[in-house]
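>>> When you get a sec, could you give me coordinates for this:
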Amino acid sequence: MPVAIHATQKALLKVFSNDFAFSIPAYQRPYAWTKDQASELLTDLLSFLGDGSEAIADANPYFLGSIVLIKSEDAPKADVVDGQQRLTTLTILLSVLRSLFIEKNASRLTKYIYQEGDEFEGTDDCYRLKLRERDEDFFREYVQCENGLDKLLKLDTFQLTDSQKNIKANASYFLEQLGQISEQQRIRFSQYLMTCCFLVVVSTPDLDSAYRIFSILNARGLDLSLSDFLKSEVLGAIPQSQQEKYTKIWESEEEDLGRERFQELFAHIRMIDRKAKPRKTTLKEFREDILPKIEPQKFIEEVLKPYSDALEIINTANYRSDKDAETINSLLRWLNQIDNFDWIPPAILYFSRNSHNPGKLNQFFTYIERLAAGLFILRADINDRIGRYAKLITAIEGNVDLYALESPLQLTPQEINRIIKTLDGDLYLIKRIRQYVLLRLDSTLSQGEARYDYSVITVEHVLPQNPSLGSTWLQWFPNEEERIQYVHRIGNLALLSRNKNAEAQNYDFDKKKEKYFVGKKGISPFVLTTQVLQQSEWTPAVIEQRQEDSLQSLRKIWRL
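Now for the predicted structure:
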């Protein structure tokens, strides 16, 4: 059955009315609009209002964006999925205007901040916006209550949380700016604010639909993420007496990983559990298929924390141990250069189970780097990769021998043959893999000592694609058909740590070495390029030998 979704444009006088009782859920992040956003809002509003020469009805309307709510049609209660920053800032603005008005006009604004209950209508007294629990009392006492702003401005900023500092700073800014205009101008501004400023209110009774809508709209305000919703679900199911302990664990892991990586963690957790491509939204899969199988405390202790710790080390290649640490970190650095992250879920699972066994980690990451590089070189599509890594996750969970020939961790003989054929072909034309393969080869030729942190690395031909007439290239390669067979292969490729003038690409060999392949200090940072500089000529025999040597090195790297 489809979920009802409603989207309506409403003036602020209808937004801050008995139709809505806004509540900021616990999963929302703290109020974070600073003076920059507050000043942008007020400046825009005053600009759209104009200089006062026209009637309010003729003023340019101002669109404040959209808010996303979880709300049923027949009740005012509305959980704010997106729009916290705007609704909070607008409430601060209304409170500031109220504090600047004489009593009669001030009381008229109070109704947009506070709803008086009506015994005959069966409604209670309540504030129209209820912030998340940590900020609720502060906001009510110092912003929403009459005369609260006087107390707010006297508070010691150093004793406040970041969200409270932002509330105080924005209230102070609004007071300063609006205090400089006359009472009549403030009346006109308030009329404009409530009648000519609009929000699109999008509501649905379903959390999953609200999250999907939010992800699409992603309107002004701070982004929420899947992890914010799951945080509310998981921590909300833990007894109150234990919530502080587990909140600290959750927030510590998020801080260590960073917000973006922490969000990615849940996609990896989903893959480890489901072992397949998503068939629903990730939020829905967690709520319906993953979280019901495990107590929330165990989810944090046995899944979230160990997987987060593993992902942090995998991402940063910062494993520490008295044994094998540098080898493991080198493998992690190469894995992180592959253009997909499908290998990460099995890596997280294995690492979290064997983090104190460097010998096992060394063997596993040696083989998963081989597998991931092999699939990368073969340009395996996402379905093939996910299927392969799903089997590997199952094998890890089943404690099967990962190094048996039939293990999903091992490349098959058919895959090995295809990889060798690809490496022995026109590698340059496979743009996505050529640099990775050459850097991997170059690192091995330097006995693993090379570290590549150049801002620009380019793959270059030694024998040019289009040699100039009369050049020595045409003496060495008189047959065009034969020349084309050499030009794009590994044996004819080198690496540069900068872009080069395209005109120099066709120089004769000696001049090209001098002008093109030599660095600023007369040397090249790449072994592959140094090999070129050591040659006195560049003939088919040289390329063939270099091709054979390179291929043998690559076969040794990946045990092909």
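>>> where does residue 216 land on pLDDT?
In the predicted model, residue 216 carries a pLDDT score of 56.
>>> swap that for residue 201, sorry
For residue 201, the model assigns a pLDDT of 90.
>>> Check residue 67 too.
According to the prediction, residue 67 has pLDDT 88.
>>> And what about it, helix, strand or coil?
Residue 67 carries the three-state label strand when classified by DSSP: H, G, I helix; E, B strand; the rest coil.
>>> List the contacts of it.
Under the criterion of Cβ atoms under 8 Å, 6 or more residues apart in numbering, the contact partners of residue 67 comprise 80, 82, 83, 86, 87, 199, 200, 201, 202, 219. In short, each C-beta sits where N, CA and C put it, glycine included.
>>> Which ones among those residues lie within strands?
The strands in this structure, assigned by DSSP state E, contain 80, 82, 199, 200, 201, 202 from the contacts of residue 67.
>>> count of neighbours near the closest residue to the second one other than its chain neighbours?
This means residue 82. Among residues not flanking residue 82 along the chain, residue 68 sits closest, at 4.1 Å (Cβ to Cβ, 6 or more residues apart in numbering). Residue 68 has 31 neighbours, counted by other Cβ atoms under 10 Å.
>>> did I read that right, residue 341 in a strand?
No - following the definition three-state DSSP, residue 341 is coil and is not counted among the residues of a strand.
>>> Grab the nearest non-local neighbour of it.
The shortest distance from residue 341 to any residue that is not its chain neighbour, by Cβ to Cβ, 6+ apart, is 7.5 Å, and that residue is residue 264.
>>> before we move on, what SS does that neighbour have?
When the structure is reduced to helix, strand and coil (three-state DSSP), residue 264 reads as helix.
>>> How much space separates it from residue 26?
Computed with Cβ to Cβ, to the nearest Å, the distance linking residue 264 and residue 26 is 23 Å.
>>> Over the helix or strand encompassing residue 248, what's the mean pLDDT, rounded is fine.
Using DSSP states H and E, the secondary-structure element containing residue 248 is helix 240-257. If you average the pLDDT over helix 240-257, you get 88.
>>> again with stretch 543-554
The average pLDDT for stretch 543-554 rounds to 95.
>>> The residue nearest to residue 82 bridge partners, please.
Taking DSSP bridges as the rule, residue 68 bridges to residue 82, residue 202.
>>> could you measure it against residue 303, distance?
Taking Cβ to Cβ as the measure, residue 68 falls 29 Å from residue 303.
>>> now swap in residue 553 and tell me
From residue 553 over to residue 303 (counting by Cβ to Cβ), the distance is 41 Å.
>>> likewise residue 411?
Summarising the geometry, the distance separating residue 411 from residue 303, computed by Cβ to Cβ, is 30 Å.
>>> what does residue 200 give?
When Cβ to Cβ is the yardstick, residue 200 and residue 303 sit 38 Å from each other.
>>> Could you do residue 32 as well?
Using Cβ to Cβ, residue 32 is found at 29 Å from residue 303.
>>> Of those two, which one has the most company?
Neighbour comparison, residue 32 and residue 303: the larger count goes to residue 303, with 17 against 14 (by other Cβ under 10 Å).
>>> Checking my notes, that one in a strand, right?
No - the assignment for residue 303 (three-state DSSP) gives helix, which keeps it out of a strand.
>>> Let me see the contact set for it.
Residues in contact with residue 303 (Cβ under 8 Å, 6+ apart) are 269, 294.
>>> any idea how far it lies from residue 294?
The spacing between residue 303 and residue 294, counted by Cβ to Cβ, is 7 Å.
>>> for residue 165, same thing?
In this structure, residue 165 and residue 294 are separated by 38 Å, where distance is defined by Cβ to Cβ.
>>> With neighbour numbers in mind, choose between residue 264 and residue 26.
Neighbours per residue (other Cβ under 10 Å) separate residue 264 from residue 26, with residue 264 holding more: 19 against 16.
>>> Let's see the pLDDT reported for that one.
Listed pLDDT for residue 264 reads 92.
>>> those helices in the stretch 451-560 of the chain, which residues are they?
For the stretch 451-560 of the chain, applying DSSP state H, counting those that start in this stretch gives helices covering 472-476, 480-487, 509-512, 527-533, 540-557.
>>> likewise the stretch 101-250 of the chain?
Counting by DSSP H, counting those that start in this stretch, the segments of the stretch 101-250 of the chain that form helices are 103-113, 133-139, 148-154, 162-178, 183-195, 207-217, 226-236, 240-257.
>>> among the ones you listed, which gets the worst mean confidence?
helix 207-217 (a mean of 64).
>>> Now do stretch 529-538: distance to the chain's middle.
Computed by Cα atoms, centre = their mean, to the nearest Å, the separation of stretch 529-538 from the middle of its chain amounts to 43 Å.
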